[in-house]
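Engineer: next comes the sequence, and after it the predicted model I'd like to discuss.
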Amino acid sequence: MPQGSRLGPLSFIVLIVYLMAGATVDDTTHSESLSFTSQVSNIDSHIKCLLSWTIQNSMKINYFKTKEMLLGPLSKHSIPPLVIDYNPIERVCGFKLFGVYISNDLSWNQQVDYICDRANDRLHYLKRYLGVLVFLY
């Protein structure tokens, strides 16, 4: 299916309707914003809603791919780890979301390093390509 075609969304709808029981949910992000560190988190109620939705839609959560990250000042506090359905969730310091690396200290270092690495790779291939083109000329 060509990317950007009108048939893409239609085929997605057709395929999602016929998902078999036991399929796994992938690439879903949930976030919660707390103004103060003393504010009570509602993440447990959100998780209960997510679990009931997965049961209603005959899906499962892939606990190995599920990660938790605390951002900003909240990451400096001792907060108990997240547990979903008796499965402990790994707490990470950074992850990639929509092609952008996000770190728990909200710095751009990992994203800048990624972009520099990609630019360096492309320059390497460009040098190789130009060397071949000059040699052939």
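Structural biologist: All right, it came through fine.
Engineer: lowest average confidence, helix or strand, in the chain?
Structural biologist: Across the helices and strands of the chain, mean pLDDT, DSSP states H and E gives its lowest value to strand 23-25, namely a mean of 50.
Engineer: quick one, domains of this structure?
Structural biologist: Residue ranges for the domains of the chain, per automatic domain parsing: 41-106, 108-137.
Engineer: what's the burial count for residue 61?
Structural biologist: 19 (other C-beta atoms under 10 Å). Bear in mind the C-beta positions are built from the backbone N, C-alpha and C, glycine included.
Engineer: backbone dihedrals for it, please?
Structural biologist: When read as degrees, to the nearest 10, the backbone of residue 61 gives phi -90, psi 130.
Engineer: and what of residue 64?
Structural biologist: Residue torsions, per degrees, to the nearest 10, at residue 64 are phi -70, psi -30.
Engineer: in the protein, which spans are strands?
Structural biologist: Remark: strands assigned in the chain by DSSP state E are 23-25, 59-61, 67-68, 83-84, 87-88, 90-91, 94-97, 100-103.
Engineer: select the longest helix from this structure.
Structural biologist: When the chain is parsed with DSSP state H, its longest helix is helix 109-136.
Engineer: give the buried residues for that one.
Structural biologist: Neighbour counts over helix 109-136 (16 or more other C-beta atoms under 10 Å) mark 110, 111 as buried.
Engineer: what mean pLDDT does it have?
Structural biologist: For helix 109-136, mean pLDDT is 84.
Engineer: which helices and strands sit right next to it?
Structural biologist: Here helix 109-136 touches strand 100-103, going by 3 or more C-beta pairs under 8 Å, 6 or more residues apart in numbering; DSSP states H and E.
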